[in-house]
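A.B. asks: below is the sequence, then the predicted model.
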Amino acid sequence: MSYRALYRVWRPQTFKDLVGQEHVTKTLENALSEGHISHAYLFSGPRGTGKTSAAKIMAKAVNCLQGPGPEPCNECEICRKITEGSLMDVVEIDAASNRGVDEIRDLRDKVKYAPSEGRYKVYIIDEVHMLTTEAFNALLKTLEEPPDHVVFILATTEPHKLPATIISRCQRFSFRRHTMGNLLARLGQVCEAQGVETGDGALVAIAQAADGGMRDALSLLDQVLSFSPDKVNEEAVLSVTGSVSRKVLAELMESIVCKDAKTALDRVDRLLMEGLEAERLVQDLILLARDLLVHMAAPELDEVKARLANDEVILRLTEQRSISGLGSILDALIDAQQRMKWAAHPRILLEMTLVRLCQPVDLPQGEAPQEQDDNISRLAEQVRQLEARVAELSQLSSDEAPSVKSTASVGDEEGRGKKHTPVQSNRGGVRSASSSVAATQLLQQSSPEELQQVKQRWPEVLAQVKERKITVHAWLIDGEPVATSEEGILLVFKNAIHRETTEKEGNKTLIQQVIEEVFGSPKKLITIMRGEWERHQGAMQTSATVVEPAAPQPNREKPSSAEKVDPVQRAVEFFGEDLIEVTD
């Protein structure tokens, strides 16, 4: 008997053998059990995921002499002929080479004839997206109302290229990429059946190179067995695939992380001299950086545990590097990979990228690390001083700012008939001024840590508000938490009507109840407009920058009444003209 490739020998013959696609096989088995056989199916998904195999199993199941049933028997004459590809009632068409309208017209003329041996005539059209527009148009009517004895099964890797009129006439099933676990299990089963010994990391390297395709994995295993018939080891796999071992890649990545440009360039030079292409090296580095990033973010994820387990260099890398740092390396490598497509000298581009990655980060030219640390300390001290000054000014403003009505009275007494005209008539001005004062007091007690916690759990608040009253959620979603304390949460709104509706008594009460349930303690809801918030911040920053903190003077006398500032003018300067309304 002539030699057959492993992927043909191990092609699934039943739905049970089709691993990793349970969402497809279960649906088809149930439909076959109930006798609900559709006239057209569309199987879509990446290459090597079992689309054509599922189509042939389906053809056997509907024509099996023991059926139709959820599984073909694979023993009757019909099943054997379909497996061998000799049954005339099951027609496989490669749309890539039979894509014209003439071929589809010929098919359309033949579907009306009854099957010669089986129960159904099954047309399997592979790579159906390759058909021309005219061919699709010729197929439409037949696909919509085929004879009762005809079943169409369309397979494609690019379903987005199919006309919507074709997709709507089919039952669509999406096949998924195989997981690392599925690939390793199948490869181990094949090696055991073949009586082949496998070394550490060999099957992992094959599964990674297969990129989720079972056919690709079996083809690579077949190739490796030809290279090393007695034992499948990692060295043989790397030689066949042209890849680099994880250990060598990890050492190269470690030199990049440690900013050791000389070692990194030496290792790259050695790999390129051994025949490795620069493009392939960058791709392998990208995959390693991605695995490290995923492992740091989700250490228990099975996908990367199998590839990164028991590797000391990998463990050192995850301890030495932060997620943001690895993200920067990954971005640089992806950018280099894109540029290599058009580069005349890919090696130079790779070396330049590595040199840039090995440079110290965020250090101005000529500045030593110790000088940078000193600068950071000075900046931190300045920030503390500014925060203290802001707190002092905020306390002063809350003590001196009177209510609008009392401000007007003081103005009448001092002006003796002099009338203050309203600066600007603005609905809700009193509430805005009150909110600004409350916001100022809340800022004195706010901390970045508390604000971060509120922002992390704010989606829970929105979700619970939406469950109770979706209209309130529609207004509240415009608000953004900008400050918080034990007593309250400050929200900034862009739209005035969103803020006003949120402030309505019933809506605000509902929101505060949800906030208490989410955070475990009652918190007052304070709202403020975006422009008001920015102006408030700007005023504080200006005051903190221009006014230097005065030295404490215990014996200093209180200012005389002549030195006092007009309270109305003080309120206007602090809160803005559009927020103050003065009445006589």
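C.D. replies: That came in fine, so what should we check first?
A.B. asks: going by C-alpha atoms from here, please, whenever you check contacts or count neighbours.
C.D. replies: Will do.
A.B. asks: and residue 229, how many neighbours?
C.D. replies: 12 (other C-alpha atoms under 10 Å).
A.B. asks: for it, give me its contacts.
C.D. replies: Shown in contact with residue 229 (C-alpha atoms under 8 Å, 6 or more residues apart in numbering): residue 196.
A.B. asks: so what pLDDT did it get?
C.D. replies: Looking at residue 229, its pLDDT is 82.
A.B. asks: residue 293 now?
C.D. replies: 83.
A.B. asks: which element, helix or strand, includes it?
C.D. replies: helix 278-297 (DSSP states H and E).
A.B. asks: which parts of that helix are buried?
C.D. replies: If you call a residue buried by 16 or more other C-alpha atoms under 10 Å, then helix 278-297 has these buried ones: 278-279, 281-286, 288-296.
A.B. asks: same check on stretch 7-16?
C.D. replies: Quick answer for stretch 7-16 (16+ other C-alpha under 10 Å): 7, 11-15.
A.B. asks: how far off centre is that stretch?
C.D. replies: 34 Å (C-alpha atoms, centre = their mean, to the nearest Å).
A.B. asks: what's the span of it, first residue to last?
C.D. replies: 17 Å (C-alpha to C-alpha, to the nearest Å).
A.B. asks: tell me the average confidence for that stretch?
C.D. replies: Rounded mean pLDDT across stretch 7-16 is 91.
A.B. asks: how about stretch 199-207?
C.D. replies: Mean per-residue pLDDT for stretch 199-207: 82.
A.B. asks: and for that stretch, what are the contacting residues?
C.D. replies: Contacts of stretch 199-207 (C-alpha under 8 Å, 6+ apart): 180, 183-184, 187-188, 217, 220-221, 231-235, 237-238, 306-307.
A.B. asks: next one: stretch 23-31 to chain centre, how far?
C.D. replies: With C-alpha atoms, centre = their mean, you get 30 Å for stretch 23-31.
A.B. asks: going by neighbour count, list what's buried in that stretch.
C.D. replies: In terms of neighbour count (16+ other C-alpha under 10 Å), stretch 23-31 has its buried residues at 24-25, 28-29.
A.B. asks: how about stretch 447-458?
C.D. replies: 451, 454, 458.
A.B. asks: show the pLDDT at the first one.
C.D. replies: We note a pLDDT of 84 for residue 451 in this prediction.
A.B. asks: and what of the second one?
C.D. replies: We have a pLDDT of 87 for residue 454.
A.B. asks: cool, the one 10 residues further on as well?
C.D. replies: Reading off the per-residue confidence, residue 464 sits at a pLDDT of 89.
A.B. asks: need the nearest residue in space to it, chain neighbours excluded.
C.D. replies: residue 514 (6.8 Å; C-alpha to C-alpha, 6 or more residues apart in numbering).
A.B. asks: ok, that neighbour - contacts?
C.D. replies: 461, 464-465.
A.B. asks: in the helix or strand containing it, which residues are buried?
C.D. replies: For residue 514, the element it lies in under DSSP H and E is helix 505-519. Neighbour-count burial for helix 505-519 flags 507-508, 511-515, 518 (criterion: 16+ other C-alpha under 10 Å).
A.B. asks: quick one: low-confidence ranges for the chain?
C.D. replies: By pLDDT under 70, the weakly predicted segments of the chain are 1, 200, 301-315, 318-324, 361-378, 380-381, 394-441, 443-445, 536, 538-584.
A.B. asks: mind giving me the domain ranges of it?
C.D. replies: Per the record, the chain has its domains at 6-174, 180-241, 246-358, 446-537, by the TED database.
A.B. asks: now for the ones you listed, which one comes closest to residue 392?
C.D. replies: When the domains of the chain are ranked by distance to residue 392, counting by C-alpha to C-alpha, first place goes to domain 446-537 at 14.5 Å.
A.B. asks: run the chain-centre distance for that closest one.
C.D. replies: 27 Å.
A.B. asks: next, the distance between the ends of it.
C.D. replies: 14 Å.
A.B. asks: so where do the strands sit in this protein?
C.D. replies: Using DSSP state E, the strands of the chain run over 40-44, 90-94, 121-126, 150-156, 171-174, 197-198, 231-232, 480-484, 488-493, 524-529.
A.B. asks: export these as a markdown table, with columns for mean neighbour count and distance to residue 83.
C.D. replies: Formatted as a markdown table, the strands of the chain follow (neighbours: other C-alpha atoms under 10 Å; distance: least, C-alpha to C-alpha, whole Å):
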| stretch | mean neighbour count | distance to residue 83 |
| --- | --- | --- |
| strand 40-44 | 22 | 19 |
| strand 90-94 | 18 | 10 |
| strand 121-126 | 24 | 14 |
| strand 150-156 | 25 | 17 |
| strand 171-174 | 17 | 22 |
| strand 197-198 | 15 | 30 |
| strand 231-232 | 20 | 30 |
| strand 480-484 | 21 | 63 |
| strand 488-493 | 23 | 67 |
| strand 524-529 | 21 | 70 |
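A.B. asks: distance to residue 264 added to the ones you listed, as CSV?
C.D. replies: Output for the strands of the chain, formatted as CSV (distance: least, C-alpha to C-alpha, whole Å):
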stretch, distance to residue 264
strand 40-44, 43
strand 90-94, 48
strand 121-126, 46
strand 150-156, 43
strand 171-174, 43
strand 197-198, 32
strand 231-232, 30
strand 480-484, 45
strand 488-493, 49
strand 524-529, 53
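A.B. asks: residues of stretch 266-274 that come out buried?
C.D. replies: 267-268, 271.
A.B. asks: so which of those is the closest to residue 56?
C.D. replies: residue 271 (44.8 Å).
A.B. asks: residue 299 versus that closest one, what's the distance?
C.D. replies: 30 Å.
A.B. asks: same check on residue 284?
C.D. replies: Using C-alpha to C-alpha, residue 284 is found at 21 Å from residue 299.
A.B. asks: and for residue 239?
C.D. replies: 30 Å.
A.B. asks: same deal with residue 485?
C.D. replies: On the measure of C-alpha to C-alpha, residue 485 and residue 299 end up 34 Å apart.
A.B. asks: and if you look at residue 495?
C.D. replies: Residue 495 is 42 Å from residue 299, by C-alpha to C-alpha.
A.B. asks: skip the chain neighbours and tell me the closest residue to residue 484.
C.D. replies: Counting by C-alpha to C-alpha, 6+ apart, the residue nearest residue 484 is residue 446, at 5.1 Å.
A.B. asks: surely the one you found touches residue 481?
C.D. replies: No. Residue 446 is beyond contact range of residue 481, at 11.6 Å (criterion: C-alpha atoms under 8 Å).
A.B. asks: much appreciated, bye for now.
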